[in-house]
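Undergrad: predicted model follows, preceded by the sequence.
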Amino acid sequence: MSERKIRVLIAKPGLDGHDRGAKVVARALRDAGMEVIYTGLRQTPEMICEAAMQEDVDVIGLSILSGAHMAQVPRLLELLKSGGMADVKVFLGGIVPDEDIRVLKQMGVQEVFGPGANTKVIAEAIRQAVSSER
């Protein structure tokens, strides 16, 4: 029996309307054999958490270019924890200052990828994070 595919939710929290990078990553993860659900633009942390629960995902990939990462990500992590989904791995892509990356990782974000990140590196980071749990 084959192992269940990794399920990834790609979300665009906040008011940022630029989703090309999120769509590129979603396609690359599908091509890498993962099941990908894309929530679309302007999602709240509550909407993302609800979708993650309904879709039974292993990973949430957030794309934030608006600078709202220090408001959006902590709220999502709080909701995941209170909803019994603290085991869902959270990755972040976007424009994030180095000092914020350290803080986000301390909060529980697995990895932060900047513009131009190699999609194969992203897929491998997700595989490693999920395989450590299975």
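TA: Now that the structure is in, tell me what you want to look at. None of these values were measured; they are calculated from a predicted model.
Undergrad: mind listing the strands for this structure?
TA: Chain-ordered strands for the chain, with DSSP state E as the definition, fall at 7-11, 35-38, 59-64, 89-94, 111-113.
Undergrad: mean pLDDT for the ones you listed - can I get that in TSV?
TA: Putting the strands of the chain into TSV (pLDDT from 0 to 100) gives the following:
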stretch	mean pLDDT
strand 7-11	98
strand 35-38	98
strand 59-64	97
strand 89-94	97
strand 111-113	98
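Undergrad: make a markdown table from those and add distance to T44 and mean neighbour count to it.
TA: All C-beta spots, glycine's among them, are computed from the backbone N, C-alpha and C. Output for the strands of the chain, formatted as a markdown table (distance: least, Cβ to Cβ, whole Å; neighbours: other Cβ atoms under 10 Å):
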| stretch | distance to T44 | mean neighbour count |
| --- | --- | --- |
| strand 7-11 | 10 | 25 |
| strand 35-38 | 16 | 18 |
| strand 59-64 | 12 | 25 |
| strand 89-94 | 15 | 22 |
| strand 111-113 | 21 | 20 |
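Undergrad: turn these into JSON lines, including distance to R20.
TA: What follows is the strands of the chain, written out as JSON lines (distance: least, Cβ to Cβ, whole Å):
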{"stretch": "strand 7-11", "distance to R20": "12"}
{"stretch": "strand 35-38", "distance to R20": "12"}
{"stretch": "strand 59-64", "distance to R20": "9"}
{"stretch": "strand 89-94", "distance to R20": "12"}
{"stretch": "strand 111-113", "distance to R20": "15"}
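Undergrad: spell out the residue ranges of the helices in the protein.
TA: Counting by DSSP state H, one finds helices in the chain at the ranges 20-31, 45-55, 69-82, 98-107, 119-131.
Undergrad: low-confidence stretches in this structure?
TA: By pLDDT under 70, the weakly predicted segments of the chain are 1-2, 134.
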